[in-house]
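1. Pasting the sequence and the predicted model now:
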Amino acid sequence: MKILVYAHRLEVGGTQVNAIELAASLRDNHGYDPVLFATPGPMVSLASSLGLRFIGAPEPGAHPSPARMRALRAAVRDEKPDLIHAWDWTQTLDAFYGVHLPTGLPLLATVMSMAVPRLIPRAVRTTFGTYELLDQARAAGRDRLGLLLPPVDVHLNAPDPALGKDFRATHGLSDDDTLVVTVSRLVEHLKLESLRRTVEAMTTLGASLPALKLVIVGDGTARPAIEAQAAAVNETLGRPAVLLVGAMSDPRPAYAAADVVVGMGGSSLRSLAFAKPTVVVGEKGFASAFTPDTAEKFLYTGMYGLGDGDEGNQHLIAEIRRLATPSSATDLGDFSRDFILRNYSLESVTAKLDELCRETVADHSPIRRRATDGLRTAAVRTAGAARDLLPSR
């Protein structure tokens, strides 16, 4: 089967990694012929390293984007795919109005954000990345649904002490330092609150744990604000306790070097694959350690949560302090990696995606349904449903 994978802009991010790795895995394990269509960015290098063919898309001026729809139609004419797999609502709108609505070419949508967007047409089979979102989509009246958990390459993302040692040496960190690592896009939406809270926590933790250091891996529009906050914390503690190292297209050395990881979504899943004690963060003050007691909850909700809005930071401080104590790290690390192997391995998620692709190709959507759904979606878009316009994480 030939599949055109329509991904987000290929900046450094978890959704982009998911789209690229799944496309390559479909080829290697199920005989697909994939081509990647996306706006160029740093992650083109990952696609190239995995041997994926890449077609550049223009920058969008709006959603849906006329320029992208034109480019997508041209790519479809040239490539003649059996299926388009669109990642997130913006790409889905382009593919729906540009190709699926007028031609009926099968379209599968995948959403990895933490909400059910109303702007994805109901006629489009749509996958979500958590059981909770799947239940919410059903409750909203959607019936063309599937579960696609975020995949983790458990062979590449695995404990590697030598890789961690090299990372520490590169950044002037000693073996005696206790490293708290965060790998994240440094952006305002979804990420900034937890980033600020993690840096703030170092003011308290760093005073009582002099070997503790926070390493932030990532880049984005919020970096200047985080750098200023980190500088203030370092001045208060009188030592370089918070270090920003910038974005890494391959952050595995940072995970390997960590003693504790603070993160959400795909970043926290990769941390678990490295058998690292992990504090899962979200918004409104949410912070909870991943443990045998919380594992089933996170499997249902995803690696994210909403707190009670308390402006205090005691939950995060307590969880980092608890996991930074090495007494239980080995047992917790083994449990964490086994959790990933059982639920999120790239091979098992790819097998599920293969099923969804074949179901989508076999399930013809009649023009009347496509047209009706297109009108409904256009009405919602015109009404300005701003709360639904959520970028992927």
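-> Perfect, thanks for sending it.
2. From residue 289, how far off is residue 281?
-> 11 Å (CB to CB, to the nearest Å). For every residue, glycine as well, the C-beta is placed using N, CA and C.
3. More neighbours: which of those two?
-> Set residue 281 next to residue 289 and count neighbours by other CB atoms under 10 Å: residue 281 wins out with 30 against 18.
4. List the backbone torsions phi and psi for the more buried one.
-> phi -120, psi 170 (degrees, to the nearest 10).
5. how about the strands in the stretch 101-250 of the chain?
-> According to DSSP state E, counting those that start in this stretch, the stretch 101-250 of the chain carries its strands in the segments 107-111, 125-128, 145-147, 178-183, 212-217, 242-246.
6. Can you point out the buried residues in the shortest one?
-> Within strand 145-147, the residues that count as buried by 16 or more other CB atoms under 10 Å are residue 146.
7. partner strands of that strand, parallel or antiparallel?
-> Partners of strand 145-147 in the sheet, by DSSP bridges, are strand 125-128 (parallel).
8. Residues contacting the strand it pairs with, please?
-> Residues from elsewhere that reach strand 125-128, judged by CB atoms under 8 Å, 6 or more residues apart in numbering: 92, 107-111, 116, 120, 134, 137, 142, 144-148, 353, 356, 359-360, 363.
9. Let's see the ChimeraX selection covering just the buried ones among these.
-> In ChimeraX syntax, the buried subset of the contacts of strand 125-128 is picked out as below (16+ other CB under 10 Å):
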select :92,107,108,109,110,111,116,120,134,137,142,144,146,148,353,356,360
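10. Could you list the domains of the chain?
-> Domains of the chain are assigned by automatic domain parsing as 2-151+345-388, 161-343.
11. Quote the end-to-end distance of stretch 308-325.
-> Taking CA to CA, to the nearest Å as the measure, stretch 308-325 stretches 27 Å from start to finish.
12. Need phi/psi at residue 261.
-> Dihedral angles for residue 261 - degrees, to the nearest 10 - are phi -120, psi 140.
13. Residue 267 is in contact with that one, correct?
-> Yes: counting by CB atoms under 8 Å, residue 261 touches residue 267, with 7.5 Å between them.
14. Between these two, which contacts overlap?
-> The contact sets of residue 261 and residue 267 overlap at 182-183 (CB under 8 Å, 6+ apart).
15. For residue 101, give its distance to residue 187.
-> Distance from residue 101 to residue 187, by CB to CB: 32 Å.
16. now swap in residue 232 and tell me
-> Residue 232 is 21 Å from residue 187, by CB to CB.
17. Tell me which of the two has more neighbours.
-> Each of residue 232 and residue 187 has its neighbours counted (other CB under 10 Å); residue 187 has more, 19 against 14.
18. tell me the SS of residue 335?
-> Using DSSP: H, G, I helix; E, B strand; the rest coil, the three-state assignment for residue 335 comes out as helix.
19. Residue numbering should commence at 490 henceforth.
-> Okay, residue one is now 490; in that scheme the one you just asked about reads as residue 824.
20. how near is it to residue 777?
-> Separation of residue 824 from residue 777 (CB to CB) stands at 15 Å.
21. In terms of neighbours, single out the busier of those two.
-> Using other CB under 10 Å, the more surrounded residue of residue 824 and residue 777 is residue 777, with 20 against 15.
22. beta partners of residue 749?
-> As assigned using DSSP bridges, the partners bridged with residue 749 are residue 669.
23. What about it, how many residues nearby?
-> Applying other CB under 10 Å, we find 26 residues neighbouring residue 749.
24. Kindly report the same for residue 693.
-> Using other CB under 10 Å: residue 693 sits among 15 other residues.
25. residues contacting it?
-> Taking CB under 8 Å, 6+ apart as the contact definition, residue 693 lies against 802, 806.
26. Please repeat the previous calculation with a cut-off of 7 Å.
-> Residue 693 makes contacts with residue 806, as judged by CB atoms under 7 Å, 6 or more residues apart in numbering.
27. what's the spacing between it and residue 771?
-> When residue 693 is compared with residue 771 (using CB to CB), they lie 20 Å apart.
28. Give me the distance between the two termini of stretch 744-758.
-> 11 Å.
29. Actually, stretch 794-801.
-> End to end - CA to CA - stretch 794-801 spans 16 Å.
30. do stretch 797-809 as well
-> Length of stretch 797-809, first residue to last, CA to CA: 19 Å.
31. Give the buried residues for that stretch.
-> Neighbour-count burial for stretch 797-809 flags 802, 804-806, 808-809 (criterion: 16+ other CB under 10 Å).
32. Could you do stretch 688-707 as well?
-> Across stretch 688-707, burial judged by 16+ other CB under 10 Å covers 688-692, 694-695, 698, 701-707.
33. Over to stretch 563-579?
-> So for stretch 563-579, counting by 16+ other CB under 10 Å, buried means 564-565, 570-579.
34. before we move on, what about stretch 603-615?
-> 603, 605-615.
35. On the three-state scheme, residue 820 is what?
-> Following three-state DSSP, residue 820 is assigned to helix.
36. I'd like the distance between it and residue 628.
-> Using CB to CB, we find residue 820 at a distance of 38 Å from residue 628.
37. which intervals of the stretch 690-839 of the chain have sub-threshold pLDDT?
-> Low-confidence segments of the stretch 690-839 of the chain (pLDDT under 70): 816-819.
38. Lovely, talk soon.
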